[in-house]
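Peer 1: Turn this into a model:
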Amino acid sequence: MSSEAAKGATTGFVECDRLHRALVDCHRRIPAGRARESGCRHLNRGLAECLVSVACPDEAEAVRSLCGSSGTGLKRTQCQQAQLSLSLCLSSHQTKD
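Peer 2: Take a look at the predicted model:
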């Protein structure tokens, strides 16, 4: 992505645009490679979490609450079900090429 295109690019979710701009700036400042991977990792993860939370808020919250710690067999089953629901929700937002 050119720097001019990156300046105008948005995530499509206002809630995540600040993180997106910060990640684009991080990629602009740090050359490709391990330094960029390490230096921009927190922004990449934050943007990913933001996008998932905005696109599928209920499903993301269910995964956070049910999968955040170990528990009973029932909780593990509920965690797996929540992960599947989140995956299906995210799939519904993908564009077809």
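Peer 1: Is L47 in contact with C16, as I believe?
Peer 2: Yes: contact between L47 and C16 holds when scored by Cβ atoms under 8 Å: they sit 6.1 Å apart. No exception for glycine: its C-beta is placed from N, CA and C like everyone else's.
Peer 1: domain parsing for the protein?
Peer 2: 1-55, 57-97 (automatic domain parsing).
Peer 1: can you tell me which of those the model trusts least?
Peer 2: When these are compared by mean pLDDT, domain 1-55 comes last with a mean of 83.
Peer 1: gap between that domain and the chain center?
Peer 2: Counting by Cα atoms, centre = their mean, to the nearest Å, domain 1-55 is centred 10 Å from the centre of its parent chain.
Peer 1: Repeat that for stretch 78-91.
Peer 2: With Cα atoms, centre = their mean, you get 15 Å for stretch 78-91.
Peer 1: swap in stretch 55-72?
Peer 2: 14 Å.
Peer 1: Name the residues of that stretch that are buried.
Peer 2: A55, C56, E59, A60, A62, V63, L66, C67 (16 or more other Cβ atoms under 10 Å).
Peer 1: now stretch 14-26
Peer 2: C16, L19, H20, R21, L23, V24, C26.
Peer 1: Export only the CA atoms of that stretch, formatted as CSV.
Peer 2: The C-alpha trace of stretch 14-26 is given here as CSV (Å, rounded to 0.1, in the frame of the first residue of the first chain):
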residue,chain,number,x,y,z
VAL,A,14,-14.6,4.3,13.2
GLU,A,15,-13.8,2.7,16.5
CYS,A,16,-10.7,1.1,15.1
ASP,A,17,-9.4,3.8,12.7
ARG,A,18,-6.9,5.3,15.3
LEU,A,19,-5.3,1.9,15.8
HIS,A,20,-5.2,1.3,12.0
ARG,A,21,-3.4,4.7,11.4
ALA,A,22,-0.9,3.9,14.2
LEU,A,23,-0.2,0.5,12.6
VAL,A,24,0.2,2.0,9.1
ASP,A,25,2.6,4.6,10.7
CYS,A,26,4.5,1.8,12.4
